[in-house]
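Colleague: sequence isn't available, so here's the structure alone:
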């Protein structure tokens, strides 16, 4: 094999791995975006995050999204007033407000990123499950790199983990890595 052919072979291998790396980074960024959005809403619906206040509902639109179970999705808009009165009132949207809201009613909410959320443990749990799912899925590239490095290290030959423990460690690394990535991207305002 000539040196030019060997160089082309190595260059194509490098390009393939750069493509894999780019796809993995894009995958992790997309999942970090989902984790951030769902996590913020989950914490607000649990009453643990966001600015407390009330919304005077000015309009609502409802849509039945499942005819079989008659599941209804209600989006509302109104004027948010902070509980401490430190800021002036402003218009906000209330996605998936739930319940029987009518224009003119006042509801307690938490404000996160310009969106008002009513407290709902059921919805908080659903969004929390989404955070775990997308955190695990998004962290797979991180965990794969860490577990591969572990498998190639001398430590793996001296202390081997049972397969169940390996799966648990893989999941913990994936979730922790994606949550850390989400925090870093959020702090640097890349999300």
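Modeller: Done, it's in. Since the structure is predicted, the reported quantities are computational estimates derived from the model, not experimental observations.
Colleague: show me what counts as buried in stretch 175-185.
Modeller: 175, 177-179, 181-182, 185 (16 or more other C-beta atoms under 10 Å). For the C-beta atoms, the positions are set from N, CA and C on the backbone; glycine is no exception.
Colleague: please enumerate the strands of this protein.
Modeller: 51-66, 71-82, 90-94, 106-112, 115-117 (DSSP state E).
Colleague: now tell me which helix or strand of the protein has the poorest mean pLDDT.
Modeller: helix 154-158 (a mean of 76; mean pLDDT, DSSP states H and E).
Colleague: other residues contacting that helix?
Modeller: residue 150 (C-beta atoms under 8 Å, 6 or more residues apart in numbering).
Colleague: quick one, what contacts the residue lying closest to residue 104 once chain neighbours are set aside?
Modeller: Spatial nearest neighbour of residue 104, excluding adjacent residues (C-beta to C-beta, 6 or more residues apart in numbering): residue 57 at 6.7 Å. Going by C-beta under 8 Å, 6+ apart, residue 57 touches 76-78, 94, 101-107.
Colleague: make a ChimeraX selection of the buried ones in those.
Modeller: Buried residues among these (16+ other C-beta under 10 Å), as a ChimeraX selection:
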select :76,77,78,94,101,107
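Colleague: can you tell me how far the residue nearest to the spatial centre of the chain is from residue 181?
Modeller: Taking C-alpha atoms, centre = their mean as the criterion, residue 35 is the residue nearest the geometric centre of the chain, at 0.8 Å. In this structure, residue 35 and residue 181 are 9 Å apart, going by C-beta to C-beta, to the nearest Å.
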